[in-house]
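Visitor: below are the sequence and a predicted model; questions follow.
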Amino acid sequence: MTPAALAVVIPAHNEEHRIHACMRSVHAAVEHVAPMPVVIVVAADACTDATATLAARAGAHVVNTPSRNVGAARAVGIDHALKLLADAGPEVWLAMTDADTTVPAMWLTHQVAWVRRGYDAVLGTIRLAPITAGAFRVARHDAEYFGTRPPEETEPIWEHPHVHGANLGVSAAAYLRVGGFAPLPTGEDRDLAARLFAAGYQIARTDQHAVRTAARLRGRAPGGLADLLASLHPAPHSPDSVLHRGSRWARRSRSDIRYPV
(Lines give C-alpha, C1' and ligand atoms only; values in the text may rest on other atoms or scores of the structure.)
Protein backbone atom coordinates (compact mmCIF):
# COMPACT_ATOMS: atom_id res chain seq x y z
CA MET A 1 0.00 0.00 0.00
CA THR A 2 1.19 3.50 -0.84
CA PRO A 3 -0.29 6.33 1.26
CA ALA A 4 -2.55 8.74 -0.59
CA ALA A 5 -1.29 11.58 1.60
CA LEU A 6 0.87 12.29 4.64
CA ALA A 7 0.29 14.41 7.72
CA VAL A 8 3.11 15.58 9.96
CA VAL A 9 1.76 16.47 13.40
CA ILE A 10 3.81 18.43 15.94
CA PRO A 11 2.62 19.36 19.44
CA ALA A 12 4.30 22.46 20.81
CA HIS A 13 4.25 24.28 24.13
CA ASN A 14 6.26 27.51 24.22
CA GLU A 15 8.87 26.39 21.67
CA GLU A 16 9.51 29.70 19.90
CA HIS A 17 13.27 29.12 20.05
CA ARG A 18 13.14 25.65 18.45
CA ILE A 19 10.10 25.53 16.18
CA HIS A 20 11.91 27.12 13.23
CA ALA A 21 14.61 24.43 13.11
CA CYS A 22 11.96 21.73 13.47
CA MET A 23 9.88 23.13 10.62
CA ARG A 24 12.90 23.59 8.38
CA SER A 25 13.86 19.93 8.84
CA VAL A 26 10.30 18.75 8.19
CA HIS A 27 10.10 20.77 4.97
CA ALA A 28 13.34 19.13 3.81
CA ALA A 29 11.81 15.71 4.48
CA VAL A 30 8.65 16.68 2.63
CA GLU A 31 10.65 17.56 -0.48
CA HIS A 32 11.87 13.96 -0.68
CA VAL A 33 8.35 12.51 -0.96
CA ALA A 34 7.05 14.99 -3.56
CA PRO A 35 4.62 15.01 -5.28
CA MET A 36 2.80 13.12 -2.52
CA PRO A 37 0.40 15.51 -0.71
CA VAL A 38 1.64 16.47 2.77
CA VAL A 39 0.14 18.73 5.41
CA ILE A 40 2.08 19.94 8.45
CA VAL A 41 0.03 20.67 11.56
CA VAL A 42 1.37 22.28 14.71
CA ALA A 43 -0.84 21.89 17.77
CA ALA A 44 0.04 24.98 19.80
CA ASP A 45 -0.66 23.76 23.31
CA ALA A 46 -1.35 26.57 25.80
CA CYS A 47 1.42 28.66 24.25
CA THR A 48 2.12 32.07 25.72
CA ASP A 49 4.98 32.91 23.35
CA ALA A 50 5.35 33.28 19.59
CA THR A 51 5.32 29.55 18.78
CA ALA A 52 2.01 29.63 16.88
CA THR A 53 2.95 32.71 14.88
CA LEU A 54 6.35 31.35 13.91
CA ALA A 55 4.92 27.95 12.98
CA ALA A 56 2.31 29.53 10.73
CA ARG A 57 4.94 31.75 9.16
CA ALA A 58 6.98 28.61 8.44
CA GLY A 59 4.10 27.02 6.57
CA ALA A 60 2.31 24.97 9.21
CA HIS A 61 -1.42 24.73 9.74
CA VAL A 62 -1.73 25.82 13.36
CA VAL A 63 -4.48 24.64 15.69
CA ASN A 64 -4.61 26.08 19.20
CA THR A 65 -5.49 24.00 22.23
CA PRO A 66 -5.57 24.98 25.91
CA SER A 67 -5.07 21.43 27.14
CA ARG A 68 -1.46 21.64 28.41
CA ASN A 69 -1.42 17.90 27.84
CA VAL A 70 0.77 16.27 25.19
CA GLY A 71 -1.57 13.36 24.52
CA ALA A 72 -4.54 15.66 24.03
CA ALA A 73 -2.45 18.03 21.89
CA ARG A 74 -1.32 15.22 19.58
CA ALA A 75 -4.93 14.07 19.22
CA VAL A 76 -6.14 17.60 18.42
CA GLY A 77 -3.39 18.00 15.83
CA ILE A 78 -4.25 14.70 14.16
CA ASP A 79 -7.97 15.47 14.11
CA HIS A 80 -7.20 18.76 12.36
CA ALA A 81 -4.85 17.07 9.88
CA LEU A 82 -7.45 14.45 8.95
CA LYS A 83 -10.02 17.18 8.31
CA LEU A 84 -7.55 18.92 6.01
CA LEU A 85 -6.99 15.62 4.17
CA ALA A 86 -10.63 14.54 4.08
CA ASP A 87 -10.53 14.26 0.28
CA ALA A 88 -7.49 11.95 0.34
CA GLY A 89 -9.52 8.91 1.38
CA PRO A 90 -8.64 6.40 4.08
CA GLU A 91 -5.01 5.80 3.11
CA VAL A 92 -3.41 8.62 5.11
CA TRP A 93 -0.13 8.19 6.99
CA LEU A 94 0.43 10.12 10.21
CA ALA A 95 4.01 11.07 11.08
CA MET A 96 4.65 12.45 14.56
CA THR A 97 7.53 14.48 15.88
CA ASP A 98 8.08 17.18 18.54
CA ALA A 99 8.77 20.89 18.30
CA ASP A 100 12.17 20.55 20.01
CA THR A 101 13.26 17.95 17.46
CA THR A 102 14.73 17.95 13.97
CA VAL A 103 14.12 15.11 11.54
CA PRO A 104 16.49 13.73 8.87
CA ALA A 105 15.86 14.44 5.21
CA MET A 106 14.78 10.85 4.51
CA TRP A 107 12.47 10.66 7.53
CA LEU A 108 9.23 10.47 5.56
CA THR A 109 10.76 8.51 2.69
CA HIS A 110 11.79 5.70 5.03
CA GLN A 111 8.37 5.62 6.67
CA VAL A 112 6.64 5.36 3.31
CA ALA A 113 8.96 2.47 2.41
CA TRP A 114 7.85 0.60 5.55
CA VAL A 115 4.21 1.24 4.66
CA ARG A 116 4.75 -0.25 1.21
CA ARG A 117 6.16 -3.35 2.91
CA GLY A 118 2.88 -3.80 4.76
CA TYR A 119 3.54 -2.16 8.13
CA ASP A 120 0.85 -0.24 10.01
CA ALA A 121 3.16 1.67 12.37
CA VAL A 122 6.82 2.65 12.51
CA LEU A 123 8.69 3.33 15.76
CA GLY A 124 11.91 5.26 15.26
CA THR A 125 14.76 6.26 17.54
CA ILE A 126 16.30 9.49 18.82
CA ARG A 127 19.71 11.04 19.25
CA LEU A 128 20.43 13.82 21.70
CA ALA A 129 21.12 17.11 19.91
CA PRO A 130 24.84 17.78 20.37
CA ILE A 131 24.37 21.50 20.93
CA THR A 132 22.20 20.98 23.99
CA ALA A 133 23.57 17.77 25.49
CA GLY A 134 26.59 17.69 27.77
CA ALA A 135 29.12 14.88 27.41
CA PHE A 136 28.17 13.26 30.70
CA ARG A 137 24.47 13.10 29.92
CA VAL A 138 25.07 11.81 26.40
CA ALA A 139 27.34 9.06 27.70
CA ARG A 140 24.95 7.96 30.43
CA HIS A 141 21.94 8.14 28.13
CA ASP A 142 23.61 6.28 25.28
CA ALA A 143 24.94 3.53 27.54
CA GLU A 144 21.38 2.62 28.41
CA TYR A 145 19.70 3.57 25.16
CA PHE A 146 21.91 1.43 22.93
CA GLY A 147 22.25 -1.39 25.43
CA THR A 148 20.23 -3.81 23.29
CA ARG A 149 21.82 -2.90 19.96
CA PRO A 150 23.79 -5.85 18.53
CA PRO A 151 27.18 -5.38 16.84
CA GLU A 152 26.62 -4.34 13.24
CA GLU A 153 28.93 -7.03 11.95
CA THR A 154 26.67 -9.72 13.43
CA GLU A 155 23.25 -8.09 13.05
CA PRO A 156 22.93 -4.86 11.04
CA ILE A 157 19.25 -4.36 11.94
CA TRP A 158 18.38 -3.19 15.45
CA GLU A 159 14.78 -3.89 16.46
CA HIS A 160 15.01 -1.51 19.39
CA PRO A 161 12.65 -1.46 22.41
CA HIS A 162 11.96 2.28 22.43
CA VAL A 163 8.83 4.33 21.72
CA HIS A 164 9.02 8.07 21.07
CA GLY A 165 6.27 10.47 20.10
CA ALA A 166 9.09 12.46 18.51
CA ASN A 167 9.60 9.70 15.93
CA LEU A 168 6.45 7.69 15.38
CA GLY A 169 4.39 6.94 12.30
CA VAL A 170 1.05 5.16 12.02
CA SER A 171 -1.65 4.67 9.45
CA ALA A 172 -4.70 6.81 10.09
CA ALA A 173 -6.91 3.73 9.84
CA ALA A 174 -5.00 1.87 12.56
CA TYR A 175 -4.79 4.99 14.71
CA LEU A 176 -8.54 5.55 14.60
CA ARG A 177 -9.43 1.91 15.15
CA VAL A 178 -7.50 1.71 18.43
CA GLY A 179 -8.91 4.99 19.70
CA GLY A 180 -6.09 7.42 18.96
CA PHE A 181 -3.92 9.20 21.49
CA ALA A 182 -5.23 9.17 25.03
CA PRO A 183 -5.18 12.51 26.93
CA LEU A 184 -2.17 11.52 29.00
CA PRO A 185 0.34 14.10 30.28
CA THR A 186 3.15 11.68 29.48
CA GLY A 187 3.50 8.15 28.07
CA GLU A 188 0.84 8.75 25.43
CA ASP A 189 3.19 7.34 22.79
CA ARG A 190 3.81 4.08 24.64
CA ASP A 191 0.11 3.76 25.40
CA LEU A 192 -0.77 4.06 21.70
CA ALA A 193 1.95 1.60 20.67
CA ALA A 194 0.72 -0.92 23.25
CA ARG A 195 -2.83 -0.74 21.89
CA LEU A 196 -1.61 -1.11 18.31
CA PHE A 197 0.39 -4.18 19.31
CA ALA A 198 -2.54 -5.67 21.24
CA ALA A 199 -4.78 -5.18 18.19
CA GLY A 200 -2.37 -7.18 16.03
CA TYR A 201 -1.06 -4.42 13.81
CA GLN A 202 2.29 -4.79 12.08
CA ILE A 203 4.81 -2.55 13.83
CA ALA A 204 8.31 -1.82 12.51
CA ARG A 205 11.04 -0.83 14.97
CA THR A 206 13.91 0.86 13.19
CA ASP A 207 17.02 2.95 13.81
CA GLN A 208 17.06 3.92 10.13
CA HIS A 209 15.78 7.48 10.51
CA ALA A 210 16.77 8.68 13.99
CA VAL A 211 15.69 12.21 14.90
CA ARG A 212 17.66 14.72 16.98
CA THR A 213 15.90 15.98 20.05
CA ALA A 214 16.79 18.61 22.63
CA ALA A 215 18.60 17.32 25.68
CA ARG A 216 17.30 19.56 28.42
CA LEU A 217 16.75 19.00 32.13
CA ARG A 218 13.46 20.92 32.32
CA GLY A 219 11.04 19.62 29.77
CA ARG A 220 7.40 19.97 28.77
CA ALA A 221 5.98 16.57 29.78
CA PRO A 222 6.32 15.19 33.34
CA GLY A 223 8.18 11.90 33.40
CA GLY A 224 9.50 12.44 29.88
CA LEU A 225 12.98 12.62 28.40
CA ALA A 226 13.97 15.72 30.36
CA ASP A 227 13.17 14.04 33.67
CA LEU A 228 15.14 11.00 32.58
CA LEU A 229 18.16 13.14 31.72
CA ALA A 230 17.88 15.01 34.99
CA SER A 231 18.01 11.69 36.80
CA LEU A 232 21.20 10.83 34.91
CA HIS A 233 22.82 14.21 35.56
CA PRO A 234 24.70 14.34 38.88
CA ALA A 235 23.87 17.06 41.35
CA PRO A 236 26.70 19.49 42.16
CA HIS A 237 29.17 18.11 44.71
CA SER A 238 27.68 14.62 44.50
CA PRO A 239 30.15 11.71 44.25
CA ASP A 240 29.13 11.07 40.66
CA SER A 241 29.83 14.67 39.65
CA VAL A 242 33.55 13.87 39.57
CA LEU A 243 33.67 12.34 36.11
CA HIS A 244 37.15 10.88 36.38
CA ARG A 245 36.06 8.52 39.15
CA GLY A 246 35.02 5.92 36.64
CA SER A 247 35.14 3.09 39.15
CA ARG A 248 32.36 4.68 41.22
CA TRP A 249 30.17 5.01 38.12
CA ALA A 250 30.97 1.47 37.02
CA ARG A 251 29.82 0.08 40.38
CA ARG A 252 26.34 1.50 39.92
CA SER A 253 23.76 -1.02 38.72
CA ARG A 254 22.24 -0.57 35.27
CA SER A 255 18.88 -1.01 37.00
CA ASP A 256 19.40 2.42 38.62
CA ILE A 257 18.56 4.01 35.27
CA ARG A 258 15.00 3.65 34.02
CA TYR A 259 14.68 4.48 30.35
CA PRO A 260 11.07 4.90 29.22
CA VAL A 261 10.44 2.33 26.48
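Guide: Perfect, I can see it now.
Visitor: packing partners for the longest helix along the chain?
Guide: If you go by DSSP state H, the chain has its longest helix at helix 70-84. Under the contact criterion of 3 or more C-beta pairs under 8 Å, 6 or more residues apart in numbering; DSSP states H and E, helix 70-84 touches strand 5-12, strand 38-45, strand 61-65, strand 92-96, helix 172-177, helix 188-198. The C-beta positions use only the backbone N, C-alpha and C, and glycine is treated the same way.
Visitor: and of the ones you listed, who's closest to residue 146?
Guide: Nearest of those to residue 146, taken as C-beta to C-beta: helix 188-198 at 19.0 Å.
Visitor: before we move on, back to that, figure out which of the helices and strands packed on helix 70-84 is closest to residue 214.
Guide: Across the helices and strands packed on helix 70-84, closest to residue 214 is strand 5-12 (C-beta to C-beta), at 12.3 Å.
Visitor: where does the prediction get shaky in the stretch 1-150 of the chain?
Guide: 130-134 (pLDDT under 70).
Visitor: mind putting the helices and strands packed on helix 70-84 into JSON lines with mean neighbour count and distance to residue 205?
Guide: Below are these laid out as JSON lines (neighbours: other C-beta atoms under 10 Å; distance: least, C-beta to C-beta, whole Å):
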{"stretch": "strand 5-12", "mean neighbour count": "27", "distance to residue 205": "20"}
{"stretch": "strand 38-45", "mean neighbour count": "26", "distance to residue 205": "24"}
{"stretch": "strand 61-65", "mean neighbour count": "19", "distance to residue 205": "30"}
{"stretch": "strand 92-96", "mean neighbour count": "27", "distance to residue 205": "15"}
{"stretch": "helix 172-177", "mean neighbour count": "19", "distance to residue 205": "16"}
{"stretch": "helix 188-198", "mean neighbour count": "19", "distance to residue 205": "10"}
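Visitor: and residue 160, how close does it get to residue 129?
Guide: 19 Å (C-beta to C-beta, to the nearest Å).
Visitor: quick check: residue 68 vs residue 183, distance?
Guide: Residue 68 is 11 Å from residue 183, by C-beta to C-beta.
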